[in-house]
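Student: here you go, sequence then predicted model.
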Amino acid sequence: MKRTIGHRVGVGVVALALMGTAALVGVSTAATTAGGTPVNLIQNGSFENIAGSTTSFLTVDAGDSTTINDWTVVTPSVYGGGGGSVDVVSNDYWNAEDGNYSIDLAGTTGVPGGLYQDVATTPGVEYSLSFYSAVNGDESPGNNHTMGVTVNGTTVDTVQAVGQGRPLVWVPNTVTFTATSATSRIEFDDTTPTDQNQGPALDNVSLTAVPDVITASPVTIPGQTTATSFTASVATFTDSYPAAPPSFFTALITWGDGTTSNGTITQSGGTYTVSGMHSYASANTYTVGVAITSGAGSTASTSESVTVADAVTTCSGSGCSGSVTTPTGNVQINSTSSTGTIFTDITPPSTGFSCGDPFRHAPQVVTVTDTNLNANIVYTVTFTNKSAAGSWLVPFAVCYQAQTPFKDVFGRTVTTGLLPLCTLLPQPKKPIVAPCVESITELPLYIGNVVEKIVVPPGDPKFH
């Protein structure tokens with residue numbers, strides 16, 4: 001808690017400093033007037049609205065909550081039981097600080113009094129309570145009087161003033177506090193045990209929310225790979241409220257791929273860090289935005305880019321498991337005969353090729369199970385095809401079996417079929433979204449090894 005008292009000998013002045021605005025700075029949406037002046041949350045702060053009128057003073061007893069509109073008169077606890085009162089004093093009797101009336105906290109009964117007002121507040125928000133104090137104009141100069149100021153029963157300020165007679169010398173006071181509940185009771189009491197009839201005077205009370213200023217900065221996000229969950233810091237920020245806990249803020253992360261998530265906020269000293277967990281499906285450069293909001297309604301935002309690359313793995317044994325079955329003999333393919341497991345009919349059926357057609361080269365059957373399904377997998381498999389001298393070459397294709405249906409070379413949705421070429425996909429530069437043949441190489445011509453390079457996207461764990 002901080003207090004600011006001006007025009008008082010021997011009492012220091014504590015200034016309220018607010019952070020200046022800059023790029024990526026957000027200011028609270030605390031209630032203000034159309035001209036930008038903070039709204040006074042205290043009702044009837046200058047005590048102008050009273051039941052009746054007076055040209056001198058009007059005594060109001062403890063327990064009365066109607067004579068002074070919006071205020072309830074009490075007996076301060078320092079005086080024990082009841083019997084306290086305050087006086088509403090007219091400007092004709094002595095000079096008010098604002099308007100026509102002020103309050104003498106030592107009423108004309110035997111026990112001084114106090115008064116309070118309950119105000120709606122937001123927990124965690126800082127408020128500035130301002131008021132003017134003086135000493136009863138009937139008091140002899142030089143006598144000390146004490147005013148106690150409490151919020152929900154906790155003392156936030158103690159004002160000691162010296163009587164100076166008429167005219168009253170009004171002194172401005174300001175104290176700030178952080179609200180802890182949805183309602184705050186603002187109370188002013190005469191706390192000088194010996195007071196009777198003359199005591200501290202009060203006028204022009206104001207309560208406003210202190211603007212909350214957030215200053216946010218981006219954080220460099222390390223490069224990531226597709227289909228890999230990561231946790232990273234995405235922003236840091238500071239706040240003008242010195243005691244605000246991380247729970248006072250929320251952060252929404254916009255990942256740039258059409259998804260959002262709530263950030264986790266941690267604090268180290270006066271700096272807060274926003275972190276989030278995410279996984280990207282496609283390679284690209286994304287703009288990650290962070291929007292920070294405080295309990296006071298202030299906002300700030302920042303953004304940073306992250307580069308995501310394809311997670312491509314060459315599956316050559318490590319991370320793969322399976323078996324290779326070689327036919328008992330090499331298979332010859334020509335127009336009249338074959339050995340092994342190849343069919344003799346080389347005429348494509350009208351319904352399109354299938355894996356049983358001789359369009360398939362002599363098969364060395366390979367079954368591969370991918371144990372890392374979070375990445376695009378590139379399989380390189382070598383097959384052997386020996387043709388009789390002088391025979392004509394049958395075009396090569398790859399028969400593929402997948403656990404997830406895919407579109408084959410003819411556009412049919414199948415789980416077993418001939419793979420299309422990767423270069424014929426609609427967007428060959430985009431990440432692979434279906435299994436395809438990247439290349440087929442036969443060396444030497446007609447007789448030799450056939451090398452097929454097959455690209456398989458995440459989630460297709462086997463082919464043959």
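Tutor: Alright, I've got the coordinates.

Student: what does the domain assignment say about the chain?
Tutor: The chain is divided into the following domains under automatic domain parsing: 31-209, 213-309, 313-456.

Student: if I average pLDDT within each of these, which one is lowest?
Tutor: In terms of average pLDDT, domain 313-456 trails the rest of these, at a mean of 46.

Student: distance check, residue 85 against residue 58.
Tutor: The gap separating residue 85 from residue 58 is 10 Å, by Cβ to Cβ, to the nearest Å. Where C-beta positions appear, they are placed from N, C-alpha and C, glycine not excepted.

Student: ok, these two, which is more surrounded?
Tutor: More crowded of residue 85 and residue 58, by other Cβ atoms under 10 Å: residue 85, with 25 against 20.

Student: any idea which helix or strand carries the more buried one?
Tutor: Secondary-structure assignment from DSSP states H and E places residue 85 in strand 85-90.

Student: against which helices or strands is that strand packed?
Tutor: Judged by 3 or more Cβ pairs under 8 Å, 6 or more residues apart in numbering; DSSP states H and E, strand 85-90 is in contact with strand 57-61, strand 101-104.

Student: among the ones you listed, which is nearest residue 292?
Tutor: Between residue 292 and the helices and strands packed on strand 85-90, the tightest spacing by Cβ to Cβ is seen for strand 101-104, at 42.4 Å.

Student: so what strands line up beside the helix or strand following the closest one?
Tutor: Per DSSP H and E, the first helix or strand lying C-terminal to strand 101-104 is strand 114-120. Listed by DSSP bridges, the sheet partners of strand 114-120 and their directions read strand 72-74 (antiparallel), strand 183-190 (antiparallel).

Student: quick one: closest of those strands to residue 140.
Tutor: Among the strands paired with strand 114-120, the nearest to residue 140 by Cβ to Cβ is strand 183-190 (16.8 Å).

Student: correct me if wrong: residue 287 contacts residue 234.
Tutor: No. At 11.2 Å, residue 287 does not count as touching residue 234 under the criterion of Cβ atoms under 8 Å.

Student: settle it for me: which of these two has more neighbours?
Tutor: Taking neighbours as other Cβ under 10 Å, residue 287 and residue 234 compare with residue 234 leading, 25 against 12.

Student: partners of the helix or strand hosting that one in the sheet?
Tutor: With secondary structure defined by DSSP H and E, residue 234 is part of strand 230-239. Strand pairing for strand 230-239, determined by DSSP bridges: strand 213-218 (antiparallel), strand 271-278 (antiparallel).

Student: number of residues surrounding residue 73?
Tutor: Taking other Cβ under 10 Å as the neighbour definition, residue 73 ends up with a count of 25.

Student: surely it meets residue 84?
Tutor: Yes. The pair residue 73 / residue 84 is scored as a contact, 7.4 Å apart, by Cβ under 8 Å.

Student: which neighbours do those two share?
Tutor: Shared contacts of residue 73 and residue 84 (Cβ atoms under 8 Å, 6 or more residues apart in numbering): 61, 62, 113, 114.

Student: please report how far the second one lies from residue 149.
Tutor: So that's residue 62. The separation that residue 62 has from residue 149, given Cβ to Cβ, amounts to 18 Å.

Student: which residues does residue 101 bridge with?
Tutor: Under DSSP bridges, the residues paired with residue 101 across the bridge are residue 90.

Student: that one: neighbouring residues, count only.
Tutor: Counted with other Cβ under 10 Å, residue 101 comes out at 24.

Student: quick check: the gap between residue 288 and residue 251.
Tutor: In this view, residue 288 and residue 251 are 12 Å apart by Cβ to Cβ.

Student: follow-up on the earlier one: tell me which of the shared contacts of residue 73 and residue 84 is nearest to residue 136?
Tutor: Within these, proximity to residue 136 (Cβ to Cβ) peaks at residue 113, which comes in at 12.8 Å.

Student: does residue 51 touch residue 66 like I think?
Tutor: Yes. Using Cβ under 8 Å, residue 51 is in contact with residue 66, at 6.0 Å.

Student: that older thread, out of the strands paired with strand 230-239, which is the most enclosed?
Tutor: Mean neighbour counts were compared across those using mean count of other Cβ atoms under 10 Å; the top stretch is strand 213-218, at a mean of 21.

Student: now the helix or strand hosting residue 305 against strand 271-278, angle please.
Tutor: With elements taken from DSSP H and E, the one containing residue 305 is strand 299-309. Regarding strand 299-309 and strand 271-278, their directions subtend 40 degrees when assessed with axes from the mean of the first three to the mean of the last three Cα atoms, to 10 degrees.

Student: what strands line up against strand 299-309, and which way round?
Tutor: The sheet places strand 299-309 alongside strand 224-225 (parallel), strand 284-294 (antiparallel), with pairing taken from DSSP bridges.

Student: closest to residue 264 out of these?
Tutor: Nearest to residue 264, of the strands paired with strand 299-309 and by Cβ to Cβ, is strand 284-294 at 11.8 Å.

Student: how about that closest one: buried residues?
Tutor: Under the neighbour-count criterion of 16 or more other Cβ atoms under 10 Å, strand 284-294 has 286, 288, 289, 290, 291, 292, 293, 294 buried.

Student: check stretch 95-109 too.
Tutor: Judged by neighbour count (16+ other Cβ under 10 Å), stretch 95-109 contains these buried residues: 95-98, 100-107, 109.

Student: nearest to residue 166, of those?
Tutor: residue 95 (7.6 Å).

Student: this protein: helices as residue ranges?
Tutor: Assigned by DSSP state H, the chain shows no helices.

Student: about what we covered before: TSV please, covering the helices and strands packed on strand 85-90 and showing distance to residue 45.
Tutor: As requested, the helices and strands packed on strand 85-90 are exported to TSV (distance: least, Cβ to Cβ, whole Å):
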stretch	distance to residue 45
strand 57-61	17
strand 101-104	11
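
Student: out of these, which is closest to residue 39?
Tutor: Distances from residue 39 to each of the helices and strands packed on strand 85-90 were compared using Cβ to Cβ; the minimum, 22.2 Å, belongs to strand 101-104.

Student: I'd like to know which elements the closest one is packed against.
Tutor: Going by 3+ Cβ pairs under 8 Å, 6+ apart, strand 101-104 lies up against strand 85-90, strand 200-209.

Student: what's in contact with that strand?
Tutor: Residues lying outside strand 101-104 but in contact with it, judged by Cβ under 8 Å, 6+ apart, are 46-48, 50, 57, 68, 86-91, 94, 96, 115, 134, 136, 168, 188, 198-203.

Student: one more time with 7 Å
Tutor: Outside strand 101-104, the residues that touch it by Cβ atoms under 7 Å, 6 or more residues apart in numbering are 47-48, 50, 57, 86-91, 96, 115, 136, 199, 201-203.

Student: out of these, which are buried?
Tutor: The neighbour count (16+ other Cβ under 10 Å) marks 47, 50, 57, 86-90, 96, 115, 136, 199, 201-203 as buried among the contacts of strand 101-104.

Student: among residue 62 and residue 149, which residue is more densely surrounded?
Tutor: residue 149 (25 against 22).

Student: name the nearest residue to the more buried one, sequence neighbours excluded.
Tutor: Closest residue to residue 149 in three dimensions, ignoring its sequence neighbours and counting by Cβ to Cβ, 6 or more residues apart in numbering: residue 157, at 4.0 Å.
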